[in-house]
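> sequence and predicted structure are below.
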Amino acid sequence: MKHLLFLFFPLFSFAQRQVALTLDDAPVMALPGYYTAPQRKATNEKLLQQITALRTPVSVFINGANCIVPDNQLLLRKWADHPLVTLGSHTLNHPDCAALPLDSFKMEVTINDYIIRAVAKDKPVPYFRFPFNAMGKDSLAQAATIGYLKEKGYTAVPFTVESSDYMFEQVYQEALKKKDLRKAKAIGEAYIRYTLFSFDYFEKLTREVFGRDIPQVYLCHVNQLNADYYTTLVKALQQRGYQCISLQQAMQDKAYGTPLYDHRRYGFSWLFRWIPDAAIRKSHLRNSPEPDKELAVFK
């Protein structure tokens, strides 16, 4: 009986993992020269079809400047109408907010808010994510921007896991443009492999920081790579024991109330920001996953 308990306990623990999937740059990631209007439409519709089929809650973060085009307004409406989708703001023009004066940041938020709500109507828009996860140039600036977001009714959203999908997306688009489908497939497979490697790393870091698993928040983008590999990614995470949950559910975990100990302007995982000891934090940052080796073979 002792041996049976030993075998079953890790499986039970493994099955309790949870992840909230978040996609930035809705209705489509901006890659100049790559996306035609039909591609944008196909990318959004393919993602939404898979979200429906797999019943995965997602949160999308919207850049209003991309929605001025009428076709993109229709795409945004489809996201807003989907019952499994939560909407969030990602600023109007996707600037580096750490380089903006506070008044300019407020304008980015206010105009974006107007555009989203004009399309989304009565659907709530509770969340905000900083482009590049750049919250401000220092702790004082970050307190000011986050304070303003609270006044506007937004919760600033962190992430714990990301896998540089935008870098894989660029070489993926280059392969598709050359009609090199074999290379595109290899890039997609490399993206999934690197994403799972990243989850493995951040799972271990989570246990070191908190002594337990917490719901992870995965950051990726609305792009063709994710449209083509969304089902593959979700099923791979499910095989690792993950249940896909809403962002609201994930952020109810008390870990997301942990103070920030690192206020650098650009965004790395909040798991690093939550480490009080600067030397330990730097050590983990030095050893964190980098996609360069995976991508080098495709350049």
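Cool, got the structure. Numbers count the residues shown, from 1 in each chain.
> phi and psi next, for the closest residue to residue 27 other than its chain neighbours.
Spatial nearest neighbour of residue 27, excluding adjacent residues (Cβ to Cβ, 6 or more residues apart in numbering): residue 75 at 4.0 Å. All C-beta atoms are positioned from the backbone trio N, CA, C, and that covers glycine. The phi and psi torsions at residue 75 (degrees, to the nearest 10) take the values phi -70, psi -40.
> repeat that for the one 10 residues further on.
Dihedral angles of residue 85 (phi, psi; degrees, to the nearest 10) stand at phi -110, psi 130.
> name the element the nearest residue to it once chain neighbours are set aside belongs to?
What sits nearest to residue 85 in space, not counting adjacent residues and going by Cβ to Cβ, 6+ apart, is residue 79, at 5.2 Å. Using DSSP states H and E, residue 79 sits in helix 70-81.
> direction included, what does the helix or strand just after that helix pair up with?
Downstream of helix 70-81, the first helix or strand assigned by DSSP H and E is strand 85-89. When pairing is defined by DSSP bridges, strand 85-89 lines up against strand 58-62 (parallel), strand 127-128 (parallel).
> the helix or strand just after strand 85-89 - what's its average pLDDT?
Downstream of strand 85-89, the next assigned helix or strand under DSSP H and E is helix 102-120. If you average the pLDDT over helix 102-120, you get 95.
> which other helices and strands contact helix 102-120?
helix 70-81, strand 85-89, helix 139-151 (3 or more Cβ pairs under 8 Å, 6 or more residues apart in numbering; DSSP states H and E).
> report the inter-axis angle for the helix holding residue 79 versus strand 58-62.
Relative orientation of helix 70-81 and strand 58-62, computed by axes from the mean of the first three to the mean of the last three Cα atoms, to 10 degrees: 150 degrees.
> isn't residue 193 right up against residue 294?
Yes: counting by Cβ atoms under 8 Å, residue 193 touches residue 294, with 7.2 Å between them.
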